[in-house]
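Q: After the sequence you'll find the predicted model.
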Amino acid sequence: MQAIQTERLTLRKFRDGDAPALLAYLEAPTAGCFLSLKLADLAAAEIEVSKRAAEDGYIAVCLKQTGEVIGDLFAHVEEDPFAAVPDTISVGWNFNPAFSGKGYAFESAKAFLAQLFQEQNARRIYAYVEDHNVASQRLCEKLGMRREGMFIEYVTFMNDADGRPIYENTMQYAILRREWEAHAQGA
């Protein structure tokens, strides 16, 4: 993947040296869906950075001025046996809460979706968002994504004190290429 530059950010592959910044937000994930990615220490973060550096699906979001990693974006191409070329992509994001409220998530996700539509020829992009994650819901809507539905008790990321799963209600947001183009033109 070629690095993407925005006004304040650089979106690039993960690389050596990113572990301390990754640990800063995965040591205590704020969203339940990232609990499985929780990192115990710097050594674990270095292993995770190596994995991410080897994959195209994870993108480090860095401050342009300092190069500091403040979060990440990720994409997964859905395999479709009936499509000549897979063109449906699921996306997500995870940011260090210390950098929230500054518009970095929108700035990076907007550039990322543009890249997926323009360079990877995506036809449809979607994201799953838990019903209590209002910030991600707002981000999806600001990106022009529409809420397609709600999956009731769809997934679990943790158990209660008695060991029973706590199920999350999950929304699906999506946007088609034609909708993205119309949204980009202000329609």
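A: Yep, it's here.
Q: so where is the chain shaky, pLDDT-wise?
A: 32-36, 187 (pLDDT under 70).
Q: could you redo the last one with a cut-off of 80?
A: Where the chain drops to pLDDT under 80, the residues are 1, 28-38, 80-85, 155-158, 186-187.
Q: Neighbouring strands - and their directions - for the longest strand anywhere in the chain?
A: Assignment by DSSP state E gives strand 146-159 as the longest strand of the chain. With DSSP bridges as the test, strand 146-159 is paired with strand 165-176 (antiparallel).
Q: The strand it pairs with: what's the following helix or strand?
A: Later in the chain than strand 165-176, the nearest helix or strand by DSSP states H and E is helix 177-184.
Q: residues of that following helix that come out buried?
A: 177, 179-180, 183 (16 or more other C-beta atoms under 10 Å). For every residue, glycine as well, the C-beta is placed using N, CA and C.
Q: outside of it, which residues touch it?
A: Under the criterion C-beta atoms under 8 Å, 6 or more residues apart in numbering, residues 113-114, 117, 122-125, 143-144, 146, 175 lie in contact with helix 177-184.
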